[in-house]
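[1] Quick one: sequence plus predicted model below, questions after.
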Amino acid sequence: MRSATHGYLGPAGTFTHQALLSLGDLPGEARPYPSVPAALHAVRSGEVGSVLVPIENSVEGGVSATLDALTYGDPLQISAEVVIAVQFDLYVRPGTELSQVRSVVSHPHAIAQCRGWLDAHLPDAVVTEGGSTAAAAVAVAAPGSRFDAAICAPVAGVSQGLVAAATSIADNAGAQTRFVLVGPPGPLPPRTGADKTTLVCFLRVDRSGALLEILEQFATRGVNLCRIESRPTRTTLGSYCFSIDAEGHLDDARLAEAVMGLHRVCSEVVFLGSYPRADGLTPTVAEGQGDEDYTEAAAWLARLRHPERA
Ligand SMILES: O=C(O)C(=O)C[C@]1(C(=O)O)C=C[C@@H](O)C=C1
């Protein structure tokens, strides 16, 4: 039997951990992993039942490590998403002044979101990328640390005995990160009417109009996209696949028809799940794109093909 344990990008105090706690009382233990690939490997191997990983940030865009680790390897399925506000502070060992900071460590996405502040206040500091914001706080607190400061959340800094040398250092106030709960393939969460579907599409041939053909599958069925980005296919330079979030559930006729269309025009479509949207927004269903319209059209076609049965 699969473990009820939930994994997350750790250690304790990451934004991913905070997002996991925001999901409420999940049964079982919460187990930290040092990287997104390690967390997704744990769910693939059955070590944990599901994992929460960051997938998209409102400032930095898609989290490449997550997009790639979801696409390649044994199939995985997203069952939920959660969005939280992210705000960054600069934490140092007690007694260190901001003017004494020569080296900073943090998660690449956190560094990118504070780049303007770093350039303005610590232009000469050496900035090093770490596995997560909380791992950065652990590194700064370690005896003999080579780092003076960590960009992290207060919960991570305070838990390591650090103090804030500067607060609210993000260049964009109000940034948000979206996280997804990922497990092995299984029954889809029921359709709620405010759902999202995540897919990765690989082109059949690299030719003019190939991306347009993918987009047409959605456009002609009135399916709005929430995110689309290209990722290298890891084969040859210039070869890309497309990671897509579309409005709707696989049980919506228009989305199902779009996915069948993708299957026809793409060399491969990786289905990563249909799940309730965190913002609860319901899509506008264009005229002729409701389930009943598809059912009626199928019945009409059947009558054309078999008038004798009418
Ligand atoms: O390092 C963390 O605290 C994380 O949870 C990772 C992560 C990310 O991957 O984007 C999550 C939210 C913030 O945008 C910065 C870092």
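    Alright, I've got the coordinates. Numbering: from 1, shown residues only.
[2] so who does the residue positioned nearest the centre of the chain touch?
    Centroid-nearest residue in the chain, with CA atoms, centre = their mean: Ile55, separated by 1.6 Å. Ile55 sits next to 62-63, 66-67, 81, 178-180 when contact means CB atoms under 8 Å, 6 or more residues apart in numbering. Where C-beta positions appear, they are placed from N, C-alpha and C, glycine not excepted.
[3] cool, and Ile244?
    The neighbours of Ile244, taking CB under 8 Å, 6+ apart as the test, are 198-201, 225, 227-228.
[4] Tell me the predicted confidence for it.
    Per-residue pLDDT puts Ile244 at 98.
[5] what's the next secondary structure element after the strand or helix carrying it?
    Ile244 belongs to strand 240-247 when elements are defined using DSSP states H and E. Of the helices and strands lying after strand 240-247 in sequence (DSSP H and E), the nearest is helix 253-265.
[6] for that next one, which positions count as buried?
    Within helix 253-265, the residues that qualify as buried are 253-259, 261-262, counting by 16 or more other CB atoms under 10 Å.
[7] TSV please, covering the contacts of Ile244 and showing neighbour count.
    Formatted as TSV, those follow (neighbours: other CB atoms under 10 Å):
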residue	neighbour count
Thr198	23
Leu199	23
Val200	21
Cys201	25
Leu225	12
Arg227	16
Ile228	17
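[8] of those, closest to the ligand?
    Arg227 (14.7 Å; CB to the nearest ligand atom).
[9] Which residues does Gly7 form beta bridges with?
    Counting by DSSP bridges, Gly7 forms beta bridges with Arg31, Val51.
[10] pLDDT below threshold where in this protein?
    1-3 (pLDDT under 70).
[11] Name the residues of it found near the ligand, please.
    Counting by CB under 6 Å from any ligand atom, the residues of the chain close to the ligand are 9, 14-16, 54, 57, 63, 86, 107, 109-110, 132-134, 177.
[12] Restricted to strands, list these.
    Mapping the residues of the chain next to the ligand onto strands (DSSP state E) picks out 9, 54, 57, 177.
[13] Go ahead and confirm the third one touches Val86.
    Think Asn57. Yes. Taking CB atoms under 8 Å as the definition, Asn57 is a contact partner of Val86 at 7.3 Å.
[14] and the closest residue to Leu181 other than its chain neighbours, helix, strand or coil?
    Leaving aside its chain neighbours, Leu181 sits nearest to Ala80 (4.1 Å; criterion: CB to CB, 6 or more residues apart in numbering). Following DSSP: H, G, I helix; E, B strand; the rest coil, Ala80 is assigned to strand.
[15] Which one of the ones in strands among the residues of the chain next to the ligand sits in the busiest neighbourhood?
    Tallying neighbours with other CB atoms under 10 Å puts Leu9 at the head of those, with 32 neighbours.
[16] Skipping its backbone neighbours, what lies nearest it in space?
    Thr16 (4.1 Å).
[17] for that neighbour, what are its contacts?
    For Thr16, the contact set (CB under 8 Å, 6+ apart) comprises 8-10, 52-54, 132, 179.
[18] list the buried ones in stretch 57-66?
    Of the residues in stretch 57-66, 57, 60, 62-66 count as buried by neighbour count, 16+ other CB under 10 Å.
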